[in-house]
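Enquirer: give me a 3D structure for the following:
(one chain, ligands or ions: 1)
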Amino acid sequence: MTMCDLIIKKKRGHMLTGQEIDWMIQGYTEGRIPDYQMSAMMMAVCFNDMNAEETKELTLAMARSGDVLDLSGIEGIKVDKHSTGGVGDKTSLVLAPLAASIGVPVAKMSGRGLGHTGGTIDKLESFTGFSTSLTPEEFIRNVNEIHIAVAGQTANLAPADKKLYALRDVTGTVDQMSLIASSIMSKKLASGADAIVLDVKTGDGAFMKKMEDSMALAREMVSIGKLAGKDMTAVISDMDQPLGYAVGNALEVKEAILTLQGEGPEDLRELSLVLGSYMAVKAGRAQTPQEGRKMLEDSIENGKAFQKFQEFIQSQGGDPREALCPELLPEAAYQEEAVSDKEGYVSGIHTEEVGRVCLLLGGGRETKESVIDLSVGIVLYKKKGDYVRKGEPLAAIHANDRKLLEKAKERLASCYEFSGTRPEKQPLIRAVIE
Ligand code: URA
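Expert: You can find the predicted model right below:
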């Protein structure tokens, strides 16, 4: 068997066997299969798909590519959460400390930015000194002591996904159902949590733009998780506009802090409460999602959620003063507004393009070696249903480069669609699969 044979097989639309997938993943993890061949395979999968059997085999091979964390040293039911990726999706920054503040043991494995979407690890690195490279012992100790640890993939945790994730990010091969399902679920299986809540995004800013594709992705992941004995719930949530107002690493951290203090945007708060209420039930902290929600709301109100956030930042080497004074977080040199040359109700926002404007400013990676600018991004002033007058600002652009700033202003303004009548409000939560 050669890698070239397998690429040709997939290019011609044939199914790969479990043995072939296992061989390929092992070879890639160990460096025997180079990036250029794996890129060709990823693209062949994008064009010809994988069926459910191949997706399951790919997930298991990736989960087996390194160690599986043994979390039996942590008391209680360990819960993890993962999003399929969106624009302005800083939910984990709010949800993880929020759930931990009511006693849910949050053992979370996170990723970096991918394609036009941001990643929790990049965002958290806005804090000076913050590290997600935890040893298994540190990870377990933190969950035991303060109910929360957020780790990136160490060299030995689903290393196949770590390599593939970085490769897909820069080869245009992110938005494929089997690749997303296997990427997320391999990490989740290797991370050892007992229960998993998935936030599957749907809409223009998601990798799955259509509801039926998002539902299929959610079902696939729930089914793989259940096969592995995990307690699974998937929530399908709206990504037809950015979540909250901020898009960009440090800007999103600031918005998450406001939300933990009870002053954040309504959609971000609501999504965090919905996902958190399922986590509370899974961990046995609440009998019903309603009861869990009430506990989470109380925790925001009485300040415990924000206190837990500070404790979490400190426990992983970050400077908690930056949580108390977010103006200490990275700030871009220029902040200017993108202005509307049209008038009317905002009827749509090209959300993926908003994410791409953030990449243009330096908020994401163009190549595997790119270094992210944590300070840049966009803060929207207007979202769907808002009325905009000609000449009114639509968003603030935060940039460190004048030329990019000008380009970003133009591109951002063209992300907005207007209509003469107020569009109907779309529900934030589209479906729940248990
Ligand atoms: N999150 C992941 O971890 N992987 C993907 O492919 C998409 C979102």
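Enquirer: please count neighbours and contacts with C-alpha atoms only from this point.
Expert: OK.
Enquirer: for the ligand, tell me whether the helix or strand where T59 lies is touching it.
Expert: In this structure, T59 is located in helix 52-63 according to DSSP states H and E. No: looking at helix 52-63 against the ligand by Cα under 6 Å from any ligand atom, there are no contacts, and the closest approach is 11.5 Å.
Enquirer: next SSE after that helix?
Expert: Under the assignment DSSP H and E, the closest C-terminal helix or strand after helix 52-63 is strand 79-83.
Enquirer: what helices or strands is the helix holding T59 leaning on?
Expert: helix 18-29, helix 159-169, helix 177-191 (3 or more Cα pairs under 8 Å, 6 or more residues apart in numbering; DSSP states H and E).
Enquirer: among these, which comes closest to Q335?
Expert: helix 159-169 (27.8 Å; Cα to Cα).
Enquirer: returning to that earlier point: so which residues make contact with the helix holding T59?
Expert: When contacts are taken as Cα atoms under 8 Å, 6 or more residues apart in numbering, the neighbours of helix 52-63 outside the stretch itself are 15-18, 21-22, 25-26, 157-161, 178-179, 181-183, 185-187, 189-190, 220, 224.
Enquirer: and the ligand, which of those residues contact it?
Expert: Judged by Cα under 6 Å from any ligand atom, the overlap between the contacts of helix 52-63 and the neighbourhood of the ligand comprises L179, S183.
Enquirer: counting neighbours, which of the contacts of helix 52-63 end up buried?
Expert: Neighbour-count burial within those applies to 15-16, 18, 21-22, 25-26, 157-161, 178-179, 181-183, 185-187, 189-190, 220, 224; the criterion is 16 or more other Cα atoms under 10 Å.
Enquirer: tell me the mean pLDDT over the strand or helix carrying R219?
Expert: If you go by DSSP H and E, R219 is part of helix 211-227. Looking at helix 211-227 alone, the average pLDDT works out to 96.
Enquirer: pairing partners for the next helix or strand after that helix, with directions?
Expert: Counting by DSSP H and E, the element after helix 211-227 in chain order, helix or strand, is strand 231-238. Neighbouring strands of strand 231-238 in its sheet, by DSSP bridges, are strand 195-202 (parallel), strand 429-433 (antiparallel).
Enquirer: hey, which of these is tucked in deepest?
Expert: For the strands paired with strand 231-238, ranked by mean neighbour count under the definition mean count of other Cα atoms under 10 Å, the leader is strand 195-202 at a mean of 25.
Enquirer: for it, C-alpha coordinates in CSV please.
Expert: Coordinates of each C-alpha in strand 195-202 appear next as CSV, following Å, rounded to 0.1, in the frame of the first residue of the first chain:
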residue,chain,number,x,y,z
ALA,A,195,-20.0,13.6,29.0
ILE,A,196,-19.8,16.0,26.0
VAL,A,197,-22.0,18.9,25.0
LEU,A,198,-21.5,19.9,21.4
ASP,A,199,-22.4,23.3,19.9
VAL,A,200,-23.0,22.7,16.2
LYS,A,201,-23.2,25.9,14.3
THR,A,202,-25.3,26.5,11.3
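Enquirer: how about the residues of this structure by the ligand?
Expert: Taking Cα under 6 Å from any ligand atom as the criterion, the chain approaches the ligand at residues T84, G85, G111, V174, L179, I180, S183, I184.
Enquirer: swap in 8 Å and give it another go.
Expert: Applying the criterion Cα under 8 Å from any ligand atom, the portion of the chain that neighbours the ligand consists of 82-85, 110-111, 114, 165, 174-175, 179-185, 187, 207.
Enquirer: I349 against E417, yeah?
Expert: Yes: contact between I349 and E417 holds when scored by Cα atoms under 8 Å: they sit 6.2 Å apart.
Enquirer: got a list of contacts for the strand or helix carrying V354?
Expert: Under the criterion of DSSP H and E, V354 resides in helix 351-358. Outside of helix 351-358, the residues that reach it under the criterion Cα under 8 Å, 6+ apart are 87-88, 116-117, 204-206, 239-242, 247-248, 364, 376-378, 408, 411-412, 415.
Enquirer: looking at this structure, what residue ends up closest to the ligand?
Expert: For the chain, the residue closest to the ligand is I180, as judged by Cα to the nearest ligand atom, at 3.5 Å.
Enquirer: still on that earlier bit, who has more neighbours, I349 and E417?
Expert: Using other Cα atoms under 10 Å as the criterion, I349 and E417 rank with I349 on top: 23 against 16.
Enquirer: so what sits opposite that one in the bridge?
Expert: I349 forms beta bridges with Y416, as assigned by DSSP bridges.
Enquirer: check the gap between R422 and Q287 for me.
Expert: 40 Å (Cα to Cα, to the nearest Å).
Enquirer: keeping just the C-alphas, turn stretch 269-283 into PDB.
Expert: Extracted in PDB, the C-alpha atoms of stretch 269-283 (Å, rounded to 0.1, in the frame of the first residue of the first chain):
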ATOM      1  CA  ARG A 269     -25.300  34.900  27.500                       C
ATOM      2  CA  GLU A 270     -28.300  32.900  26.300                       C
ATOM      3  CA  LEU A 271     -26.100  30.300  24.400                       C
ATOM      4  CA  SER A 272     -23.800  29.900  27.400                       C
ATOM      5  CA  LEU A 273     -26.800  29.400  29.700                       C
ATOM      6  CA  VAL A 274     -28.400  26.800  27.400                       C
ATOM      7  CA  LEU A 275     -25.200  24.800  26.900                       C
ATOM      8  CA  GLY A 276     -24.300  25.200  30.600                       C
ATOM      9  CA  SER A 277     -27.700  23.900  31.700                       C
ATOM     10  CA  TYR A 278     -27.100  20.600  29.800                       C
ATOM     11  CA  MET A 279     -23.600  20.400  31.300                       C
ATOM     12  CA  ALA A 280     -25.100  20.900  34.800                       C
ATOM     13  CA  VAL A 281     -27.500  18.000  34.300                       C
ATOM     14  CA  LYS A 282     -24.800  15.700  32.800                       C
ATOM     15  CA  ALA A 283     -22.600  16.400  35.800                       C
END
